[in-house]
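Student: Coordinates only, no sequence provided:
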């Protein structure tokens, strides 16, 4: 057969994180898989929160499943209403269900572009690995600011930049990916004041709410920005904190000043997000409306478990390396060279090429094994 027009397509490099996760899965249960951000139990199985299991059971008993384009039980609307309290009690919030947190961030980046296509987008480095692809698709100008200085989050360079020009700034909620280190309360206050003065836009990436701190901690950060007059758009994900990874549950939300703004943003969200999934949002809405207190208890147990795993790894690693593990949430980042990471893979240990480790993916009873293998490649 002769070459078709498809031969003109450029080659695209595979996603390295997903490729490594695939190799880890193929290696079987003996492998230590610390690649993608998935929480696993002590048997290495994907964790499902008890409150989520109860919600699934409740939906099954109601025989609620809809395969149409538009959910007949208003699942998207109910989902928005159920998640809004986690964002904050604001009178005018425009929101739309999305394909995970990534879809929500894509909708919010498009929103910024619609406001001002020349507005610079600022992100921290290291930060969310998929941002480059997302922003490239939007044709926006992105500028990276160093996030860490001497092992701690630093805001001085960020503040110097945003004082100069009105910008859209991408922030993560508690449980920074990939470092596990978050801005202090004082640093956040400084950021909010400067951004409010410049009328800048905060793009909040709330992907791990309740896993590094109580859910209210992220809510308060959003409220701090709003009080200072910052324009805020939130990309919220239920993948991790509701353990619904393949359901791709996300929400894009904009905190607006009045009903006129809310309707206008809703129109733009409707343009950016054509088809809305119903089943995942329906599960989250059921969790929040019927099993909300149990969900909070589940998160408390998960946070405690993540802390124990992090603490165990920190104690076993050499002191200098162990200090890098301090933090909270799913992730930490070790200063390993690529050849050391490749040697770890030969030992059946899979971590990201930049040294990021998903603490949540490693059972507590295997932390010593992980630490010893890391020490063997130093």
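Tutor: Nice, thanks for sending it over. Everything numeric in this text was worked out from a predicted model, so none of it was measured.

Student: May I see the buried residues of the top helix by length along the chain?
Tutor: If you go by DSSP state H, the chain has its longest helix at helix 292-316. Across helix 292-316, burial judged by 16 or more other CB atoms under 10 Å covers 294-295, 298-299, 302-303, 305-306, 309-310, 312-314, 316. (Glycine included, C-beta is placed from N, CA and C.)

Student: which pair in those spans the largest distance?
Tutor: 294 and 316 (33.6 Å; CB to CB).

Student: Which parts of the stretch 51-200 of the chain are strands?
Tutor: In the stretch 51-200 of the chain, the strands defined using DSSP state E, counting those that start in this stretch lie at 93-99, 121-125, 142-146, 148-149, 152-153, 168-172.

Student: Including mean neighbour count, could the ones you listed go into TSV?
Tutor: Shown next, in TSV, are the strands of the stretch 51-200 of the chain (neighbours: other CB atoms under 10 Å):
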stretch	mean neighbour count
strand 93-99	24
strand 121-125	20
strand 142-146	15
strand 148-149	13
strand 152-153	16
strand 168-172	24
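
Student: Can you lay out those strands as a markdown table showing distance to residue 254 and mean pLDDT?
Tutor: Compiled in a markdown table, the strands of the stretch 51-200 of the chain are given as follows (distance: least, CB to CB, whole Å; pLDDT from 0 to 100):
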| stretch | distance to residue 254 | mean pLDDT |
| --- | --- | --- |
| strand 93-99 | 5 | 92 |
| strand 121-125 | 16 | 91 |
| strand 142-146 | 20 | 91 |
| strand 148-149 | 30 | 90 |
| strand 152-153 | 26 | 90 |
| strand 168-172 | 12 | 94 |
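
Student: So for residue 338, which of those strands sits nearest?
Tutor: strand 121-125 (17.7 Å).

Student: other SSEs contacting the closest one?
Tutor: helix 131-138, strand 142-146, helix 156-164, strand 168-172 (3 or more CB pairs under 8 Å, 6 or more residues apart in numbering; DSSP states H and E).

Student: Next one: residue 138, what pLDDT does it get?
Tutor: At residue 138, the pLDDT value in this model is 78.

Student: mind listing what the closest residue to it other than its chain neighbours touches?
Tutor: Nearest non-adjacent residue to residue 138, counting by CB to CB, 6 or more residues apart in numbering: residue 109, 5.1 Å away. By CB atoms under 8 Å, 6 or more residues apart in numbering, the contact set of residue 109 is 121, 134, 135, 138, 140, 168, 203.

Student: re the thing from before, from the buried residues of helix 292-316, pick the one nearest residue 350.
Tutor: Among the buried residues of helix 292-316, and counting by CB to CB, the member closest to residue 350 is residue 313, at 15.6 Å.

Student: The closest one and residue 342, how far apart?
Tutor: As judged by CB to CB, to the nearest Å, residue 313 and residue 342 stand 21 Å apart.

Student: leaving aside the residues next to it on the chain, what's closest to residue 263?
Tutor: residue 94 (7.6 Å).

Student: Tell me the helices and strands packed up against the helix-or-strand element of the chain with minimal mean pLDDT.
Tutor: When each helix and strand of the chain is scored by mean pLDDT, DSSP states H and E, helix 131-138 comes last, with a mean of 74. Helices and strands touching helix 131-138, as assessed by 3+ CB pairs under 8 Å, 6+ apart, comprise helix 100-115, strand 121-125, strand 142-146.

Student: run the last query once more with 6 Å
Tutor: With contacts taken as 3 or more CB pairs under 6 Å, 6 or more residues apart in numbering; DSSP states H and E, helix 131-138 sits against helix 100-115.

Student: Please identify the buried residues of the helix it packs on?
Tutor: 100-113.

Student: re the thing from before, for the contacts of residue 109, which entry has the maximal number of neighbours?
Tutor: residue 168 (26 neighbours; other CB atoms under 10 Å).

Student: Backbone torsions only: list them for residue 253.
Tutor: Note on residue 253: its backbone torsions stand at phi -140, psi 140 [degrees, to the nearest 10].

Student: same deal with residue 239?
Tutor: phi -60, psi -50.

Student: got it, and the one 5 residues further on?
Tutor: Main-chain dihedrals, residue 244, degrees, to the nearest 10: phi -120, psi 60.

Student: hmm, back to that, please work out the average pLDDT along the longest helix of the chain.
Tutor: 95.

Student: Stretch 257-272 now?
Tutor: 92.

Student: Check which residues of it are buried.
Tutor: Result for stretch 257-272 [16+ other CB under 10 Å]: buried residues 262, 265, 266, 268, 269, 272.

Student: possible to save the residues you listed as CSV with secondary structure and distance to residue 358?
Tutor: Compiled in CSV, these are given as follows (DSSP: H, G, I helix; E, B strand; the rest coil; distance: CB to CB, whole Å):
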residue, secondary structure, distance to residue 358
262, helix, 37
265, helix, 34
266, helix, 35
268, helix, 34
269, helix, 31
272, helix, 30
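
Student: ok, so of these, who is nearest residue 193?
Tutor: Of those, the one sitting nearest to residue 193 (CB to CB) turns out to be residue 265, at 24.8 Å.

Student: can I assume the closest one is in contact with residue 94?
Tutor: Yes. Contact status for residue 265 versus residue 94: in contact at 3.8 Å, counting by CB atoms under 6 Å.
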